[in-house]
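[1] any chance you could fold what I've pasted below:
(6 chains)
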Protein chains: 4
Amino acid sequence: MVRESHPLRFGPISAAAPGPLYEQVVAGVKREVAGGRLAPGDALPSLRVLAADLMVSLITVKRAYEELERDGVIYSRQGLGAFVADGGADQVRRQGLDAAREALKAAAKAGLAAGLSEDDLIDMLKSETAMGKQT
Amino acid sequence: MVRESHPLRFGPISAAAPGPLYEQVVAGVKREVAGGRLAPGDALPSLRVLAADLMVSLITVKRAYEELERDGVIYSRQGLGAFVADGGADQVRRQGLDAAREALKAAAKAGLAAGLSEDDLIDMLKSETAMGKQT
Amino acid sequence: MVRESHPLRFGPISAAAPGPLYEQVVAGVKREVAGGRLAPGDALPSLRVLAADLMVSLITVKRAYEELERDGVIYSRQGLGAFVADGGADQVRRQGLDAAREALKAAAKAGLAAGLSEDDLIDMLKSETAMGKQT
Amino acid sequence: MVRESHPLRFGPISAAAPGPLYEQVVAGVKREVAGGRLAPGDALPSLRVLAADLMVSLITVKRAYEELERDGVIYSRQGLGAFVADGGADQVRRQGLDAAREALKAAAKAGLAAGLSEDDLIDMLKSETAMGKQT
DNA sequence: GTGGTCTAGACCACC
DNA sequence: GTGGTCTAGACCACA
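    Below is the predicted model:
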């Protein structure tokens, strides 16, 4: 009745990692959606299945799905499952852009306060993007 | 006797602002030190005085001073009070630089994930530094 | 023999649409009845046929027919199928009227709470009816 | 340290009422904020206190506060409590206006489908606003 | 089977 | 004391 697609598997969730577990799940799903490995209409793993896969409580996964739904990345239908929303990838990209702008703002504030020039910051940014691309 | 210096007065601490209250206190002191308004050897306000000034609990200020001491910006002497450390301003600047690099790293990660190019990020950074200078 | 009539075909049922799937089926049938495309005595498609047409589970259609029967829009006969009830169209219209009144009640409550005047609400209603007519 | 204000008391929460319990809590707080009985900066009852008052689980209240925070009506600070946000009342009004528009849209759709004229709908709306004012 | 809601209880960071 | 997160387990509506 509905497009199947359970081959979701992102890196292990770790309680040691910074930030709440459910945010790690959110980030994992967003990565799959942004990367196109999860297309609009595709079904996400069910709450229970993903909870078992990630060895995490059902509630934690549910919370992640709720946040993804609020962000317009997925939608959930009772009795059916959760699915990637139509503009899902766009949503993720837009939010990533906002996050980048926020981080740059913080960097500019801290850097200028520490006596760095705009050019210093740009050089540092270049080296960071270079690192990012390698990974 | 020790060099006096209570004229510490930074913007009001706000519960509405993001981050723990004590971090706001830490940031306030660091700003004074980095700006040279608090020189090495200067005494900081006593815990109780600063708590009263900022309308904040004593333990919040205590925690802030502890963090500042850990960061090598100030040092405390039993019964005497807290004083600006010798390399205090340098410490603050070095840490600000690290903070800027961290933020740039986060921005690069988020931006690249959102499909931005290095040049896009640099443009955004420039506009943010411009904003920062105005303020 | 009974009057034949399988030409029931309403827009695809979508999991993305708000509300349970069976309500979408109910709404679809009601639309056909209210519009006169299904006259009293006409046979509805069999459960299995409609389920296949709409690419929906059989139990979803069954549930929809049950609700339609409860609403007095259709009636079912063991072994024969389901048929449009005599006063079916009237029933649908009466229920639509009730639904409209309910929605207006909710709108009045929310609007007044938000500080809108009766005239404000009437203006908004006019613009909505204008939109509705266009479509 | 912070503006006190616990005299929050809205109608009893009922599991029999339609909609989730936490939405009833959300609606209750929004009503207080919109009515000005809870001003910006005022403290809301703590999670535990309100849970006890309403005879509801802590989690239910927490969920309500989370939604209110997402809606920009309140903000929460770990260790301090939850407080009415600065633009809180405006937020509530804006959202109420959107809700009213949605309801009017649904009413227009249902009403037109049931054969009502625009004037019929306006008359019904007038009678509903009259009812609303009495209460 | 699915997601949606509610519950009870834990531990942590912050004040 | 406060809110923030995670857990285990229940019952319901929907497919």
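[2] what's the helix or strand for the most centrally placed residue in chain A?
    Nearest to the geometric centre of chain A sits A:A27, at 2.4 Å (C-alpha atoms, centre = their mean). For A:A27, the element it lies in under DSSP states H and E is helix A:21-34.
[3] list the buried ones in that helix?
    Going by neighbour count (16 or more other C-beta atoms under 10 Å in any protein chain shown), the buried part of helix A:21-34 is A:L21, A:Y22, A:Q24, A:V25, A:V26, A:G28, A:V29, A:K30, A:E32, A:V33, A:A34. (C-beta placed from N, C-alpha, C; glycine too.)
[4] pretty sure the first one sits against A:M55.
    Read it as A:L21. No: with contact defined as C-beta atoms under 8 Å, A:L21 does not reach A:M55; the gap is 10.4 Å.
[5] between these two, which contacts overlap?
    Listed as contacting both A:L21 and A:M55 by C-beta atoms under 8 Å, 6 or more residues apart in numbering or on different chains are A:I13.
[6] okay, now A:G81: neighbour count?
    Residues near A:G81, counting by other C-beta atoms under 10 Å in any protein chain shown, number 20.
[7] got the phi and psi for the closest residue to it other than its chain neighbours?
    In space, A:G81 comes closest to A:A43 once its chain neighbours are excluded; the distance is 5.1 Å by C-beta to C-beta, 6 or more residues apart in numbering or on different chains. Here is the backbone geometry of A:A43 (degrees, to the nearest 10): phi -80, psi 140.
[8] so which of the buried residues of helix A:21-34 is the closest to chain B?
    When the buried residues of helix A:21-34 are compared for distance to chain B (C-beta to the nearest C-beta), A:A34 wins out at 6.3 Å.
[9] let me see the contact set for A:A106.
    So A:A106 contacts B:A99, B:A103 (C-beta under 8 Å, 6+ apart).
[10] go with 6 Å
    B:A103 (C-beta atoms under 6 Å, 6 or more residues apart in numbering or on different chains).
[11] for A:S46, same thing?
    Taking C-beta under 6 Å, 6+ apart, one finds A:G81 in contact with A:S46.
[12] scan chain A for its longest helix.
    helix A:88-113 (DSSP state H).
[13] just how off-centre is the helix or strand following it within its chain?
    Following helix A:88-113 in sequence order, the next helix or strand is helix A:118-134 (DSSP H and E). Offset of helix A:118-134 from its chain centre (C-alpha atoms, centre = their mean, to the nearest Å): 23 Å.
[14] just stretch A:31-46 next, same as before
    On the basis of C-alpha atoms, centre = their mean, stretch A:31-46 sits 11 Å off its chain's mean C-alpha point.
[15] what's the angle between the helix or strand bottoming out on mean pLDDT in chain A and helix B:118-134?
    Across the helices and strands of chain A, mean confidence by mean pLDDT, DSSP states H and E is lowest for helix A:118-134: a mean of 89. Counting by axes from the mean of the first three to the mean of the last three C-alpha atoms, to 10 degrees, helix A:118-134 lies at 150 degrees to helix B:118-134.
[16] mean confidence for stretch A:33-45?
    Here stretch A:33-45 scores 92 as its mean pLDDT.
[17] tell me the confidence at the residue of chain A positioned farthest from its centre?
    Largest separation from the mean C-alpha position in chain A: A:G115, at 33.5 Å (C-alpha atoms, centre = their mean). On the pLDDT scale, A:G115 is placed at 83.
[18] number of residues surrounding the nearest residue to it once chain neighbours are set aside?
    Using C-beta to C-beta, 6+ apart and skipping the chain neighbours, the partner closest in space to A:G115 is B:R93 (5.9 Å). B:R93: 18 surrounding residues under other C-beta under 10 Å.
[19] so B:R93 touches A:A114, yeah?
    Yes: between B:R93 and A:A114 there is a contact at 4.7 Å, judged by C-beta atoms under 6 Å.
[20] domain assignment for chain A?
    A:21-88, A:89-134 (automatic domain parsing).
[21] and the residue farthest from the centre of chain A, how far is that from B:R94?
    Relative to B:R94, A:G115 is positioned 10 Å away (C-beta to C-beta, to the nearest Å).
[22] do A:G96 as well
    Distance, A:G96 to B:R94, by C-beta to C-beta: 30 Å.
[23] about what we covered before: state the distance from the residue farthest from the centre of chain A to DNA strand E.
    28 Å (C-beta to the nearest atom of the strand, to the nearest Å).
[24] same check, this time on A:A43
    8 Å.
[25] burial of that residue, as a residue count?
    19.
[26] any idea which element A:V61 lies in?
    Going by DSSP H and E, A:V61 is in helix A:58-70.
[27] what's the following helix or strand after that helix?
    Assignment by DSSP H and E places the next element after helix A:58-70 at strand A:74-77.
[28] before we move on, back to that, which one's more surrounded, A:G96 and B:R94?
    A:G96 (20 against 14).
[29] pLDDT score assigned to the more buried one?
    With respect to pLDDT, A:G96 scores 92.
[30] can you pull the buried residues of stretch A:125-134?
    A:L125, A:E128, A:T129, A:G132.
[31] before we move on, what about stretch A:110-128?
    A:A110, A:G111, A:L112, A:A113, A:A114, A:L116, A:E118, A:L121, A:I122, A:M124, A:L125, A:E128.
[32] who's in contact with A:Q91?
    Contacts of A:Q91 (C-beta under 6 Å, 6+ apart): A:G72, A:V73.
[33] kindly recompute the last result at 10 Å.
    A:K30, A:V33, A:A34, A:L68, A:D71, A:G72, A:V73, A:I74, A:A85 (C-beta atoms under 10 Å, 6 or more residues apart in numbering or on different chains).
[34] restrict those to contacts with chain C.
    Restricting these to those near chain C by C-beta under 10 Å from any C-beta of the partner chain leaves A:A85.
[35] what does the pLDDT read for whichever residue of chain A sits closest to chain D?
    When distances are taken as C-beta to the nearest C-beta, chain A reaches nearest to chain D at A:R70, 7.3 Å away. Per-residue confidence (pLDDT) for A:R70: 94.
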